[in-house]
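# Below is the sequence, then the predicted model.
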Amino acid sequence: MKIIREINEIRRICRDKKSLGFVPTMGALHKGHLSLVETLQKDCYPIVMSIFVNPKQFGKNEDFAKYPRDLEIDIKLAEEAKVDMLFIPSEEDLYPDDYRTYIDVEELSDKLCGKSRKGHFKGVTTIVLKLFNLIKPKVAAFGWKDAQQGIILKQMVKDLNLDVEIRMCDILRDSDGLALSSRNNYLSNEERKNALSISQALQLSSKMFASGVRDFSVIKKKLVEHFNSFSNTNIEYIEAFRIENLQETDFLEKGVIIAIAAKVGKTRLIDNWRIGE
Ligand code: AMP
């Protein structure tokens with residue numbers, strides 16, 4: 001695996017690669033990240049992974065400074081997953097002092113996570129477009145774990161006529177159901193147990209849907225009761241929305257996502273269930 005830190009070098013090496021697959025990450029790699037690599041390996045070569053904790057997608061009171069970083073382990077995991085090139089740019093190179101340009105996917109970026117994380121998606125779309133410009137992937141893989149992010153990126157690709165396929169990959173979970181996330185590193189043992197409230201809430205939704213409930217307000221009421229039985233766990237939102245445009249809906253059917261954001265202690269976690277998947 002080649003490790004590349006310089007912008008000019010990644011640009012040079014990726015030039016004219018016709019079937020390049022790209023996996024952007026913020027590191028603290030887990031099996032969810034590696035599943036994206038595996039998905040691309042079926043039809044892409046080379047596979048480029050980036051590790052960059054992007055300051056522009058963190059709000060002032062968020063966890064940028066303490067976000068888990070362990071490059072040594074990440075390099076080992078990427079190598080084991082047979083990533084061909086690992087791009088680890090510096091903040092100074094990507095955002096020099098005179099940096100001025102941002103990408104904003106309007107409306108979609110203000111909903112759901114965008115309500116509490118103002119400017120978050122602007123930071124995401126900006127870094128992803130910058131990385132696309134440097135790496136020029138044919139396909140880029142993202143996880144359904146961050147469903148809103150994927151939907152916003154697809155809109156960006158469409159609006160800006162970018163020549164890249166956004167491939168969305170299923171959510172990887174621990175054996176007890178907790179969605180894998182770098183932020184799970186923050187959880188104490190007690191919090192880890194409370195964090196299960198989120199995946200359990202989605203399982204409950206799925207059971208209610210299977211038993212014929214189609215009215216989201218009925219499910220939401222049940223989920224709020226469910227969360228009340230967990231200590232130190234605060235719902236930020238429980239929403240149902242259509243995949244294609246993030247439009248909120250009360251009618252549950254295929255093509256709708258139920259998404260939850262909750263704080264367990266100080267750790268903000270998200271998860272979702274795509275109906276029919
Ligand atoms: P991050 O490093 O958190 O920015 O995530 C990098 C990519 O990995 C994003 O496309 C995420 O959606 C994806 N990802 C994160 N967690 C999971 C998971 N549990 N299963 C699948 N993909 C994931």
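On my side now, so go ahead.

# for stretch 101-115, how far is the first residue from the last?
Start and end residues of stretch 101-115 are separated by 22 Å (CA to CA, to the nearest Å).

# State the mean pLDDT of it.
Summarised as a single mean, pLDDT over stretch 101-115 is 98.

# likewise stretch 68-76?
Mean pLDDT, stretch 68-76: 98.

# what distance separates the start and the end of stretch 238-249?
First-to-last residue span, stretch 238-249, CA to CA: 12 Å.

# In a strand, residue 23, correct?
Yes: judged by DSSP: H, G, I helix; E, B strand; the rest coil, residue 23 forms part of a strand.

# how close does it sit to residue 99?
24 Å (CB to CB, to the nearest Å). In this view, the C-beta of every residue, glycine as well, is placed from N, C-alpha and C.

# same check, this time on residue 232
Going from residue 232 to residue 99 by CB to CB gives 39 Å.

# Please name the spatially closest residue to residue 160 (chain neighbours excluded).
Using CB to CB, 6 or more residues apart in numbering and skipping residues adjacent in sequence, the residue nearest residue 160 is residue 129, 7.4 Å away.

# can you give me phi and psi for the one you found?
phi -60, psi -40 (degrees, to the nearest 10).

# count of neighbours near it?
18 (other CB atoms under 10 Å).

# and it, how far is that from the ligand?
Relative to the ligand, residue 129 is positioned 15 Å away (CB to the nearest ligand atom, to the nearest Å).

# so, in contact with the ligand or not, the helix or strand in which residue 86 is found?
Assessed by DSSP states H and E, residue 86 sits inside strand 85-87. No: figure legend: strand 85-87 not in contact with the ligand (CB under 6 Å from any ligand atom); closest approach 13.5 Å.

# List the neighbouring strands of that strand plus their orientation.
With DSSP bridges as the test, strand 85-87 is paired with strand 2-4 (parallel), strand 47-51 (parallel).

# Please report how far the residue most central in space within the chain lies from residue 112.
Residue closest to the average C-alpha location in the chain (CA atoms, centre = their mean): residue 146, at 3.4 Å. Look at residue 146 and residue 112: by CB to CB, they are 11 Å apart.
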